[in-house]
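Q: predicted model, plus sequence, below.
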Amino acid sequence: MIKMMKFTGIFVSDVDRAYDFYVNKLGFEVKTDQPMGDSRWLELVPPGAETRIAVCKPFSGQSDARIGGFTAISFNTDDIQATYEELSAKGVHFTEKPARQPWGDIQAQFADPDGNVFLLTEGDD
C-alpha cells in the first residue's frame, strides 16, 4: 500500500546553480547528492518535511522534459510576509507578491533560476 510521496522532480539546466538556490537561498537540506551519468542526482527537503524534490538535468533522449514554467508545487509557511521578505533579501525572484486570493488563501509565487515557478502559501490549510 502506498504510504507517502517520496519526491517530485524538477528539471534544471545546471544542478550546481540549482544547489546554490535551493540550499543557500531557500534553506533546503540535502538528502542525496550523487553522480548520475554525465550529471548528478540531488534530492532536497525543506527543514522538517518528508517529501523531497529531486533536482536533475533532463535525461538523455528526454526531449519533452520541461525546464521552466509553473510546476504546480506548493510550499507552505506559517508567516508568508516574513518568508517573502527573507527570501527576497536573499535574491529570490517573486513573480507574485503575497496576496489574499478570492477563495481566502494568502499566496505568492516565486521562481528558481531556470524559471520553474512555485506557490508559497500561508497556514496549514
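A: Thanks, I have the structure now.

Q: CA only for contacts and neighbour counts going forward, please
A: OK.

Q: now the helix or strand containing Asn76: buried residues?
A: Using DSSP states H and E, the element containing Asn76 is strand 69-77. Neighbour-count burial for strand 69-77 flags 71, 76 (criterion: 16 or more other CA atoms under 10 Å).

Q: following it, which helix or strand comes up?
A: Strand 69-77 is succeeded, C-terminally, by helix 80-89 (DSSP H and E).

Q: so what pLDDT did the residue of the chain most remote from its centre get?
A: Distance from the C-alpha centroid of the chain peaks at Met1, with 27.2 Å (CA atoms, centre = their mean). Predicted confidence (pLDDT) for Met1: 82.

Q: the helices in this structure, which residues?
A: 15-19, 80-89 (DSSP state H).

Q: list of residues touching the first one?
A: With CA atoms under 8 Å, 6 or more residues apart in numbering as the contact definition, helix 15-19 has outside contacts at 12, 39-40, 42, 55-57, 112-113.

Q: okay, who's weakest in those residues by pLDDT?
A: Across the contacts of helix 15-19, the smallest pLDDT goes to Ser39, namely 82.

Q: which residue is the nearest non-sequential neighbour of it?
A: Closest residue in space to Ser39, ignoring its immediate chain neighbours: Lys57 at 6.8 Å, by CA to CA, 6 or more residues apart in numbering.

Q: and that neighbour, what does it touch?
A: Counting by CA under 8 Å, 6+ apart, Lys57 has contacts 11-15, 39-40.
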